[in-house]
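Novice: Can you look at this prediction? I've put the sequence above it.
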There are 2 protein chains.
Amino acid sequence: GVRTPEPIDHLKTLMPNVYQEFHDIAERLEKHYGDMQDLEFTIENGKLFILQTRSGKRTATAALRVAVDMVEAGMLTKEQALLKIDPAQLDALLHPTFNPEALERATPLTKGLPASPGAAAGMVTFSAEEAYEESLKGHAVILARTETSPEDIQGMNVSAGILTSRGGMTSHAAVVARGMGKCCVSAAANTSINEKTKTMTINGTVIKSGEWISLDGSTGAVYQGQIETQKAALSDEFRKIMEWSDEFRTMKIRTNADTPQDATTARTLGAEGIGLTRTEHMFFEADRIFAFRQMIVARDVKAREKALAKILPMQEEDFKGIFEAMKGLPVTIRLLDPPLHEFLPQDPAQVKELATELNMAEADLQTIINDLHELNPMLGHRGLRLAISYPEIARMQTEGIIRAALAVTTDEYPVIPEIMIPLVAEEKEIAFVRDVIVKKADEIIAASGKKLDYMVGTMIEIPRACLTADEIAKHAEFFSFGTNDLTQMTYGLSRDDAGPILETYYNEGIFENDPTATLDKTGVGKLMEIGCELGRKTRPDMKIGICGEHGGDPSSIEFCNYLNMSYVSCSPFRVPIAKLSAAQAALKQKK
Amino acid sequence: GVRTPEPIDHLKTLMPNVYQEFHDIAERLEKHYGDMQDLEFTIENGKLFILQTRSGKRTATAALRVAVDMVEAGMLTKEQALLKIDPAQLDALLHPTFNPEALERATPLTKGLPASPGAAAGMVTFSAEEAYEESLKGHAVILARTETSPEDIQGMNVSAGILTSRGGMTSHAAVVARGMGKCCVSAAANTSINEKTKTMTINGTVIKSGEWISLDGSTGAVYQGQIETQKAALSDEFRKIMEWSDEFRTMKIRTNADTPQDATTARTLGAEGIGLTRTEHMFFEADRIFAFRQMIVARDVKAREKALAKILPMQEEDFKGIFEAMKGLPVTIRLLDPPLHEFLPQDPAQVKELATELNMAEADLQTIINDLHELNPMLGHRGLRLAISYPEIARMQTEGIIRAALAVTTDEYPVIPEIMIPLVAEEKEIAFVRDVIVKKADEIIAASGKKLDYMVGTMIEIPRACLTADEIAKHAEFFSFGTNDLTQMTYGLSRDDAGPILETYYNEGIFENDPTATLDKTGVGKLMEIGCELGRKTRPDMKIGICGEHGGDPSSIEFCNYLNMSYVSCSPFRVPIAKLSAAQAALKQKK
């Protein structure tokens, strides 16, 4: 109605009988639905009429409190309570939010996609370098870019939030930000970012480097100025829900983590291992990108090995840090995946600079860059194809992994590294690469005089790998479904180029979801089912997991549970969501 | 032995008994093996010893003659004779060859891949325009390019042969040349082609525009100067083998043809319909590329429709010509497939020129080109995704097809056009596009007052289309497997970028064939089998064919026969090979 509502206690005083009747009905309804009810009623001539009842809408905090309260009041079982909570709601509890009063006074400049949840305020910077320098001065910074690329990682790492004018929910910025648990708004509408002049224009408002903006990664809103944020605090109810989830779920929850910091964050949130360590980001770090580029431009194996030798000790340190952070929990490390051209500059000025640094003719470097150019890099010279062309890279990485494991392993926390080969499509490919890895690993272990177990497995991310999984399983001790690539190849749709296509498809009702965000059970799922079935035909007890973006999506997790997977692996900040989703899936399957 | 062999008749005179014995043994062996035998024997002390026997190696012409002779002599049945011939050998009979004596005197400058068979000699030209101009003067020309692109079609069409320094067996140059039945050598070793200076350097020899070279597309050899060629002439034996093939095969043989000329050539060689007319080449023709570019840069539907209206009458003429050439045989026309950026220039000078022509600011045109840029165009905005974003293109093409069919159809040669939708991955996509086509087609037919049947079907070329073929078949009256794209997506391997990968894979024994040339029965084949099975679940009598490069490959054709396909479709000059292969497959299956 239009009147201001009065508290229900008022009724108790006015009409004690009616109040008692209302109270009894409400209790019955809440018990019946097993949920807090939103009741509409009217009283005419002293007679109570219940007009409507429905489960109450509530904030994440309230949802958890209600669930825990109802279990403690004996109105719900733990199983029923877990099934009442929407896992997606947990996201809000894990990230900073804006102070509600401050937010009420603010009007957004524009909206973009809510690419990674949380709230952040900071000074705008327009390059990774600028973000890094300002952060050293102790400033909170926001990194604004047309789109981000692997070179921006360090700048993203020091920023409170990331804003891009292009890209979708699965663009580089979105995926990396979610991994870092950092707020990100992508594809901001009517926003033009000019990295050269260090300004951006949002709906006509010009914002310069150093000015403050605020981002809400949960809604996609972008604000001018600084809105006060408040930190996330995990409540007792949250811990209880996690505890109950652990009780009922059957799948393990691992995390995707590329650094010891990520690994530690994920363990705090309950991760039971690492399902994916991407090693490519490691090569972009300032201390090794040069050596890696020397390797790329090298003319023979010897020169390549010389350059790789410089990287080896650093890789070893990378892996040591991660193993230490995980204290004996399983760690899967994927060998280098992206095509080599991603590590070379494209901009002519940068090419010139690099040629000087490498002490080679600019034209020669340009020729190498041209030769490495690919029309469809996603379907190009990457993954284990690199390990076949340049086994010395796989050897160096294997050596780093095994040395690190030998250095860190203890009786209390034994390290059993899981070396993962990306992009297999055919049995003979993995047989070749496995052989390279095993020879080097066994050689290092033998020389150390110690004992160390390790596993060699593979990503299943190409349709043909699913279709020939029985043959591939002969050479792989574990499978991890890379559903990002598998989805793109099964649909013939590149997520980097899908933006305008998806827009039309949503408008025409052809797609309801982005299949790279929510697993397509009909098509991609059928391939996964074939892959699991064939893989288990060869190795009945094979460990099978998933490490794509889908590993943190509730409905996709339910499907993984149906496929009887050992674990799902997701970004650190999605671990709690994955735990609850896995528990719900197990409970639903039991029914 | 080292002695000069003597004719066998000599033995008849010398040792008549031994001769008779030899004659009887030889006859028995040839009958036993059902093939001409290469016999090694010795005679010691008047006693005949047979040392070795094996089927004789022979040229294609001889192979056909032997097979026909043996059938006529009653030594082989027709079935046995057909199974004796290697279909790949027929290729040599369909194309010009070098005069053997002239060839003997020549030494190749270099070798490349035998990308399209036949022999050719001509003046070197370095651009499509130059080739066209020289051909107008009556000169035989060879087009030499680093690699070719759709803009070169006209120049390729007037050339006797094509030479490229890059690309593989399935590069643009190779595929188009095979379609045209023109000789092509691709990836010529140690060859650097400079289009700007109009020179090329092959192993140190500099060849300038206007100088003569000769190409052997069957061996990959490149010669300096002019080697005399001789035309292909189809022998009586060839016709007989084709006749017998027709008797035993169960699959129809169609052709891929984009022009009335191609269609006519293919009919002469025995094609029973067109399985694929690509419409994109039509838009590159000088009289319509400008209107098509106007369409691309148009800001709204109205402006797009205005530009498309200019193309409509030309498209109608294209289709009329093809229908007329095929005289009532079935014709499948595929709607526009490639992404729009393929139709716009990339070179800054050309962009500037086009901006002037289009009467728009260069910066605006550059923005449109940048916005259309894709990271992975093969997995981008193409195929039916274009028809969903711009239904006006599909409507214009449908109108052209239906108008042409109405104009050409007669009682004697009724035209039943088969409109083919490319790149479907999901049921709702095809439902949408089918609806656009059917509405327009029915409107045109109703307005004409005539009767016309037509079909709407789809390419199956994305893994997900195979996996959901039952749903897709609800909206498709026929399927045509596009195994080029299906192979690339199933392997996650772009054929444009596969060169360096395949080289290593062959060396390491990982691949034996290029899977885009010989169908991968284990992986891609499994998807095709799923696609056929699911499609027939919805439409038991569904017409299913193949129109990828594999449609002309003998072992792939055998697999298509196993899948019980209605037809295979291949380049015009591969029709005879496909006929014989289809007959062999049917005979083997019967066994």
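Specialist: Ah, there it is.

Novice: going forward, measure contacts between C-alpha atoms and count neighbours the same way
Specialist: Fine.

Novice: can I see the domain layout of chain A?
Specialist: Chain A breaks down into these domains under automatic domain parsing: A:8-93, A:96-230, A:249-339+A:374-590.

Novice: what's next to the strand or helix carrying residue A:23, contact-wise?
Specialist: Residue A:23 is part of helix A:16-33 when elements are defined by DSSP states H and E. Applying C-alpha atoms under 8 Å, 6 or more residues apart in numbering or on different chains, the contact partners of helix A:16-33 are A:11-12, A:36-37, A:39, A:46-48, A:55, A:75.

Novice: now, the most widely separated pair of the residues you listed?
Specialist: The most widely separated members of the contacts of helix A:16-33 are A:46 and A:75, with 30.4 Å between them, by C-alpha to C-alpha.

Novice: Neighbour count: these two, which is higher?
Specialist: residue A:75 (19 against 10; other C-alpha atoms under 10 Å in any protein chain shown).

Novice: Can you list the low-confidence ranges for the stretch 351-500 of chain A?
Specialist: Low-confidence segments of the stretch 351-500 of chain A, defined by pLDDT under 70, are absent.

Novice: worst average pLDDT in the domains of chain A?
Specialist: Between the domains of chain A, the one with the least mean pLDDT is domain A:8-93; it has a mean of 86.

Novice: How far does that one stretch from one end to the other?
Specialist: From the first residue to the last, domain A:8-93 extends over 30 Å; the measure is C-alpha to C-alpha, to the nearest Å.

Novice: same check, this time on stretch A:43-60
Specialist: Across stretch A:43-60, the terminal residues are separated by 33 Å (C-alpha to C-alpha).

Novice: What are the buried residues along it?
Specialist: With burial defined by 16 or more other C-alpha atoms under 10 Å in any protein chain shown, the residues of stretch A:43-60 counted as buried are A:53, A:60.

Novice: Enumerate the residues of the stretch 1-150 of chain A near chain B.
Specialist: Selection of the stretch 1-150 of chain A residues close to chain B by C-alpha under 8 Å from any C-alpha of the partner chain yields an empty set.

Novice: Can you show me the helices along the stretch 101-250 of chain A?
Specialist: Along the stretch 101-250 of chain A, counting by DSSP state H, counting those that start in this stretch, helices occupy A:128-136, A:153-158, A:172-180, A:236-248.

Novice: Is the nearest residue to residue A:510 once chain neighbours are set aside within a helix or a strand, and which one?
Specialist: Nearest residue to residue A:510, sequence neighbours excluded (C-alpha to C-alpha, 6 or more residues apart in numbering or on different chains): residue B:428, at 5.4 Å. Taking DSSP H and E as the definition, residue B:428 sits inside helix B:427-448.

Novice: Where is the longest helix in chain A?
Specialist: helix A:301-326 (DSSP state H).

Novice: For the stretch 101-250 of chain A, which residue gets nearest to chain B?
Specialist: The minimum distance from the stretch 101-250 of chain A to chain B, using C-alpha to the nearest C-alpha, falls at residue A:166 (10.8 Å).

Novice: Surely that residue is in contact with residue A:147, unless I've mixed up the numbering?
Specialist: Yes. Using C-alpha atoms under 8 Å as the test, residue A:166 is close enough to residue A:147 to be in contact (5.7 Å).

Novice: Kindly present the helices of the stretch 101-250 of chain A as a markdown table, with separate columns for mean neighbour count and distance to residue A:400.
Specialist: Shown next, in a markdown table, are the helices of the stretch 101-250 of chain A (neighbours: other C-alpha atoms under 10 Å in any protein chain shown; distance: least, C-alpha to C-alpha, whole Å):
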| stretch | mean neighbour count | distance to residue A:400 |
| --- | --- | --- |
| helix A:128-136 | 18 | 28 |
| helix A:153-158 | 21 | 22 |
| helix A:172-180 | 22 | 24 |
| helix A:236-248 | 17 | 34 |
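
Novice: can I get those in a markdown table with distance to residue A:569?
Specialist: As requested, the helices of the stretch 101-250 of chain A are exported to a markdown table (distance: least, C-alpha to C-alpha, whole Å):
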| stretch | distance to residue A:569 |
| --- | --- |
| helix A:128-136 | 28 |
| helix A:153-158 | 21 |
| helix A:172-180 | 11 |
| helix A:236-248 | 15 |
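
Novice: residues in contact with the closest residue to the residue of the stretch 101-250 of chain A closest to chain B other than its chain neighbours?
Specialist: Across the structure, with C-alpha to C-alpha, 6+ apart as the measure, the residue nearest residue A:166 apart from its sequence neighbours is residue A:187 (4.2 Å). Listed by C-alpha under 8 Å, 6+ apart, the contact set of residue A:187 reads A:112-113, A:164-168.

Novice: Doesn't residue A:53 lie inside a strand?
Specialist: Yes. Counting by DSSP: H, G, I helix; E, B strand; the rest coil, residue A:53 is part of a strand.

Novice: Against chain B, how distant is it?
Specialist: When distance is defined by C-alpha to the nearest C-alpha, to the nearest Å, residue A:53 is 37 Å away from chain B.

Novice: Now name the helix or strand holding the closest residue to that residue other than its chain neighbours.
Specialist: Taking C-alpha to C-alpha, 6+ apart, and ignoring the residues beside it in sequence, residue A:53 has residue A:39 as its nearest neighbour in space, at 4.6 Å. With elements taken from DSSP H and E, the one containing residue A:39 is strand A:37-44.

Novice: hang on, the earlier thing: would you mark the buried spots in the helix holding residue A:23?
Specialist: Neighbour count says helix A:16-33 has A:18-19, A:22, A:26, A:29-31 buried, by 16+ other C-alpha under 10 Å.

Novice: Tabulate the CA atom coordinates of that helix in CSV.
Specialist: Output of helix A:16-33 as CSV, limited to C-alpha atoms (Å, rounded to 0.1, in the frame of the first residue of the first chain):
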residue,chain,number,x,y,z
PRO,A,16,-4.1,-9.5,20.7
ASN,A,17,-6.3,-12.4,19.3
VAL,A,18,-5.7,-11.5,15.7
TYR,A,19,-2.0,-11.1,16.5
GLN,A,20,-1.9,-14.6,18.0
GLU,A,21,-3.7,-16.1,15.0
PHE,A,22,-1.3,-14.3,12.6
HIS,A,23,1.7,-15.5,14.6
ASP,A,24,0.5,-19.1,14.4
ILE,A,25,-0.2,-19.0,10.7
ALA,A,26,3.2,-17.3,10.0
GLU,A,27,5.0,-20.0,12.0
ARG,A,28,3.2,-22.8,10.1
LEU,A,29,4.0,-21.2,6.8
GLU,A,30,7.6,-20.7,7.6
LYS,A,31,7.9,-24.3,8.8
HIS,A,32,6.1,-25.5,5.7
TYR,A,33,8.3,-23.6,3.2
